[in-house]
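Q: with the input below, show me the fold.
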Amino acid sequence: MSGQFIFLLSLLFFLCLIIILQVKFGLLKDNSTSATRSYSLARTHLVWWTFIILSSILAVVWGSGQLPTLSDSTLILLGIGSLTTISSRITDISDDNKAAINGNSSSIVRNTPSEGFFLDILSDSDGVSVHRLQAVVFNTVFGFWFIYEVFKQIKGIGPNSFMDKADVAAATKKLAALLQAAPTPGIQTAILKLQAAIKATPINDIMPVFDNNNLILLGMSAGTYVALKTTENNHLTRQNQAPPAAGQNNPQQQPVQQPVVVPQPVQQPIQQPIQQAIVIQPVIQQQPDAPVVQPPAGAGEGQQIPPVPPADVQEP
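A: Predicted coordinates:
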């Protein structure tokens, strides 16, 4: 069985395992109160690199019987995925605590219904975002490049592929000495074995090594996603979230409706004095002041005082 076929079987095995875990336990989905939980970019990132690296290790062990030593770049790739998932989870816990204090868990983007795998991992509260798209594209490209390099290098895997570079150099010198000797059947068999061992790829060199700049690029992409994730839940919800049903209180609209009510009793003190003036003024006009008449000096008790005509009556 060739090493490339073993690697394909290893990829298929872990892919089926991930699908089963996703269907049964929601491996790639966020912790959410929604009935249809949305997919998580951080979890998908960690599962993606775990799937690739575990498939490569299984293929090497299956084909050579030896456990390879992982390079520093491979460990850094797993570390970036782990730190991204941990930071994302810490942000989610902080948002849950804030929502519990405010009593409004619907403001968390994770609690909105799922829109499908790709839209979930590419979208935040404002829709499809550039930083999420960048993280998805970079990790997808480097992941498929990793798979291609393993598939290409694992072709020569065999029982002698665990030889390191020093063993290969020693075998090359020994092969040169055997080629100068007399060609006997035993020598020819030894030459063929040494040639196969020299051509075989060492198991520690099957998985590719990433350059530092490539690792920095992946790290910056993951860091940008984590940094901007802390601001995603400052918005209310996605634009396509359904409005609240009739009869339900909307806490986001109550503070706007309350200041609209204006008290009306302010006009009563202004109208009341005007009405009183209208009523009192005719009364003053209907009662003119009558002149006060003093009795003449020396008038007796039996004398009558002539009446005084009104001021507006003229005598003939």
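Q: hey, where'd the helices end up in the protein?
A: 3-25, 41-64, 72-102, 117-122, 130-153, 165-180, 185-199, 212-229, 254-257, 268-286 (DSSP state H).
Q: residue 31: which of the ones you listed is closest?
A: helix 72-102 (6.7 Å; C-beta to C-beta). (C-beta placed from N, C-alpha, C; glycine too.)
Q: now the angle between helix 212-229 and the closest one, please.
A: Taking axes from the mean of the first three to the mean of the last three C-alpha atoms, to 10 degrees, one finds helix 72-102 and helix 212-229 inclined to each other by 0 degrees.
Q: quick one: average pLDDT of helix 72-102?
A: Averaged across helix 72-102, the pLDDT comes to 88.
Q: ok, stretch 33-46 next?
A: 90.
Q: just the buried positions in that stretch, please.
A: By 16 or more other C-beta atoms under 10 Å, the buried positions in stretch 33-46 come out as 37-46.
Q: one step back: which of the helices of the chain sits most buried?
A: Mean neighbour count (mean count of other C-beta atoms under 10 Å) peaks for helix 41-64 among those, with a mean of 21.
Q: just to revisit the earlier point, so for residue 108, which of the helices of the chain sits nearest?
A: helix 72-102 (5.5 Å).
Q: about what we covered before: list just the nearest of the buried residues of stretch 33-46 to residue 129.
A: Taking C-beta to C-beta as the measure, residue 129 lies nearest residue 41 of those, at 10.1 Å.
Q: correct me, but the closest one touches residue 121?
A: Yes - shown here, residue 41 and residue 121 form a contact pair, counting by C-beta atoms under 8 Å, at 4.3 Å.
Q: list residues touching both of these two?
A: Common contacts of residue 41 and residue 121, defined by C-beta atoms under 8 Å, 6 or more residues apart in numbering, comprise 132, 136.
Q: need the helices of the chain in CSV (columns: distance to residue 205).
A: Listed next are the helices of the chain as CSV, based on distance: least, C-beta to C-beta, whole Å:
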stretch, distance to residue 205
helix 3-25, 13
helix 41-64, 10
helix 72-102, 12
helix 117-122, 33
helix 130-153, 7
helix 165-180, 9
helix 185-199, 13
helix 212-229, 18
helix 254-257, 65
helix 268-286, 95
